[in-house]
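J.: Only the shape, not the letters, is given here:
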């Protein structure tokens with residue numbers, strides 16, 4: 001999985017928790033000052049190195065920095081107390097960065113207990129113990145959740161990409177099977193008839209001509225079927241696309257009414273109308289801003305009519321001929337002898353009429 005870690009700059013920025021002991025060291029509260037400055041510098045350096053090492057994939061070195069950081073901060077809290085306890089949440093953050101989720105509580109709770117003990121030894125009351133204890137635990141727990149969510153989202157994106165690739169591979173396999181089924185028998189028949197033409201050419205020219213005519217017709221039929229397959233006539237079908245449209249519109253918060261009485265359609269018309277529903281509903285979801293959508297199919301003696309009407313803001317930007325979706329759909333409808341019309345009055349209407 002191509003996992004991209006979050007930006008480390010905000011995490012490194014938490015070293016500013018050391019401002020409180022740094023300020024008191026400037027005021028001379030902590031003596032000797034050189035030792036206080038050294039401890040503070042070591043703590044900041046350890047935390048910064050820990051963050052950089054952890055997100056560079058060097059977990060073992062990062063955990064070594066965690067142990068050293070916890071020892072330095074605990075020693076400072078035991079020796080000086082007071083503002084040095086503000087560095088304890090820094091250790092909580094470091095735990096979230098370096099410790100695996102399954103071990104986080106085992107590492108975090110003992111350190112929180114140590115935090116409360118050191119605050120108590122420094123003379124702090126229950127309020128201070130709770131404040132520093134919860135501060136340390138909260139900082140680590142919140143960051144651990146954020147990092148876990150970040151990694152989970154990355155895994156979901158990677159899974160979605162893999163599923164998309166698998167779907168493409170499956171579609172290619174399906175298409176290859178369709179072409180094999182479509183052409184295998186046809187070509188076999190053409191070969192047999194071509195052999196018959198060769199045998200009859202000298203003995204019975206009339207029969208040979210009839211066989212040649214059959215080859216021509218078979219070839220034309222095969223070409224028509226291949227064109228239909230390539231241009232998408234062999235789709236999922238109207239029923240499947242209507243079911244998918246219901247779910248897509250519901251997920252987008254758009255009410256949908258489907259009026260499509262059961263009826264027998266030819267495979268070509270069924271697949272073409274299914275694609276029209278898919279394209280029309282895609283436009284409604286992406287561009288209309290509608291609250292309701294009506295999908296109506298009528299199938300009578302005069303032909304088949306499909307209407308997709310929404311109450312949104314009118315025609316999408318690409319409905320005027322600039323987009324490939326509706327333009328490609330219009331070409332296929334015209335190839336089937338039908339017409340496609342769109343209007344933008346009181347919403348957007350897509351109307352397809354097929355003979």
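T.: Right, received. Where do you want to start? Predicted model, so just to flag it, every value in this text is computed and none were measured.

J.: Name all residues that make contact with residue 284.
T.: Listed by CB atoms under 8 Å, 6 or more residues apart in numbering, the contact set of residue 284 reads 249, 252, 254, 290, 293, 308, 310, 312, 348. C-betas here are computed from N, CA, C, even on glycine.

J.: 6 Å instead?
T.: 290, 293, 310 (CB atoms under 6 Å, 6 or more residues apart in numbering).

J.: That one and residue 10, how far apart?
T.: For residue 284, the distance to residue 10 equals 40 Å [CB to CB, to the nearest Å].

J.: got any ranges where this structure has weak pLDDT?
T.: For the chain, applying pLDDT under 70 flags the ranges 1-6, 171, 178, 181-182, 185, 227-236, 251, 287-288, 313-325, 345.

J.: care to break it down by domain?
T.: 1-230, 238-354 (automatic domain parsing).

J.: which residues does residue 14 contact?
T.: Applying CB under 6 Å, 6+ apart, the residues contacting residue 14 are residue 93.

J.: repeat for residue 128
T.: Counting by CB under 6 Å, 6+ apart, residue 128 has contacts residue 119.

J.: now swap in residue 311 and tell me
T.: Contacts of residue 311 (CB under 6 Å, 6+ apart): 290, 292, 347.

J.: go with 7 Å
T.: The contact partners of residue 311, by CB atoms under 7 Å, 6 or more residues apart in numbering, come to 290-292, 347.

J.: tell me which element residue 340 falls in.
T.: strand 339-343 (DSSP states H and E).

J.: neighbouring contacts of the helix or strand that that strand is followed by?
T.: Where DSSP H and E defines the elements, the next helix or strand beyond strand 339-343 is strand 348-354. For strand 348-354, the external contacting residues (CB under 7 Å, 6+ apart) are 269, 276, 280, 288, 303-310, 312, 314-316, 319, 333, 336, 338-343.

J.: Strand 348-354 relative to strand 339-343, how many degrees between them?
T.: Using axes from the mean of the first three to the mean of the last three CA atoms, to 10 degrees, the direction of strand 348-354 lies 170 degrees away from that of strand 339-343.

J.: about what we covered before: most neighbours among the contacts of residue 284, which one?
T.: The member of the contacts of residue 284 that has the most neighbours, counting by other CB atoms under 10 Å, is residue 310 with 28 neighbours.

J.: Once you drop chain neighbours, what's closest to that one?
T.: The spatially closest residue to residue 310, leaving aside those adjacent along the chain, is residue 290, at 3.7 Å (CB to CB, 6 or more residues apart in numbering).

J.: In terms of helices and strands, where is that neighbour?
T.: Going by DSSP H and E, residue 290 is not in any helix or strand.

J.: Going by residue numbers, what spans are helices in the stretch 101-250 of the chain?
T.: 101-121, 126-203, 205-230, 238-251 (DSSP state H, counting those that start in this stretch).

J.: need these in CSV with distance to residue 14, can you?
T.: As requested, these are exported to CSV (distance: least, CB to CB, whole Å):
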stretch, distance to residue 14
helix 101-121, 16
helix 126-203, 8
helix 205-230, 59
helix 238-251, 39
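
J.: can you tell which of those is closest to residue 37?
T.: Set against residue 37 and scored by CB to CB, those come closest in helix 101-121, at 21.0 Å.

J.: Need the three-state assignment for residue 304.
T.: strand (DSSP: H, G, I helix; E, B strand; the rest coil).

J.: got the contact list for it?
T.: 269, 354.

J.: what sits against the closest residue to residue 273 other than its chain neighbours?
T.: In space, and not counting its chain neighbours, residue 273 is closest to residue 238: 4.7 Å by CB to CB, 6+ apart. By CB under 7 Å, 6+ apart, the contact set of residue 238 is 265, 270, 273-274, 277.

J.: and residue 269, what does it touch?
T.: So residue 269 contacts 304, 354 (CB under 7 Å, 6+ apart).

J.: That one: which element?
T.: Secondary-structure element containing residue 269, defined by DSSP H and E: helix 267-283.

J.: Quick one: name whatever helix or strand follows that helix.
T.: Assigned by DSSP H and E, the successor of helix 267-283 is strand 292-300.

J.: Return the list of helices and strands in contact with that next one.
T.: helix 238-251, strand 255-259, strand 303-310 (3 or more CB pairs under 7 Å, 6 or more residues apart in numbering; DSSP states H and E).

J.: repeat that for 10 Å
T.: helix 238-251, strand 255-259, helix 267-283, strand 303-310, strand 348-354 (3 or more CB pairs under 10 Å, 6 or more residues apart in numbering; DSSP states H and E).

J.: May I have the strands that pair with the last one, each with its orientation?
T.: Note on strand 348-354: by DSSP bridges, its sheet partners are strand 303-310 (antiparallel), strand 339-343 (antiparallel).

J.: Now render those strands as JSON lines, adding distance to residue 114.
T.: Shown next, in JSON lines, are the strands paired with strand 348-354 (distance: least, CB to CB, whole Å):
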{"stretch": "strand 303-310", "distance to residue 114": "62"}
{"stretch": "strand 339-343", "distance to residue 114": "70"}
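
J.: Pick the most deeply packed of those strands.
T.: strand 303-310 (a mean of 21; mean count of other CB atoms under 10 Å).

J.: gap between that one and the chain center?
T.: Centroid separation for strand 303-310 versus its chain: 32 Å, with CA atoms, centre = their mean, to the nearest Å.

J.: now do stretch 81-92
T.: For stretch 81-92, the distance to the chain centre is 40 Å (CA atoms, centre = their mean).
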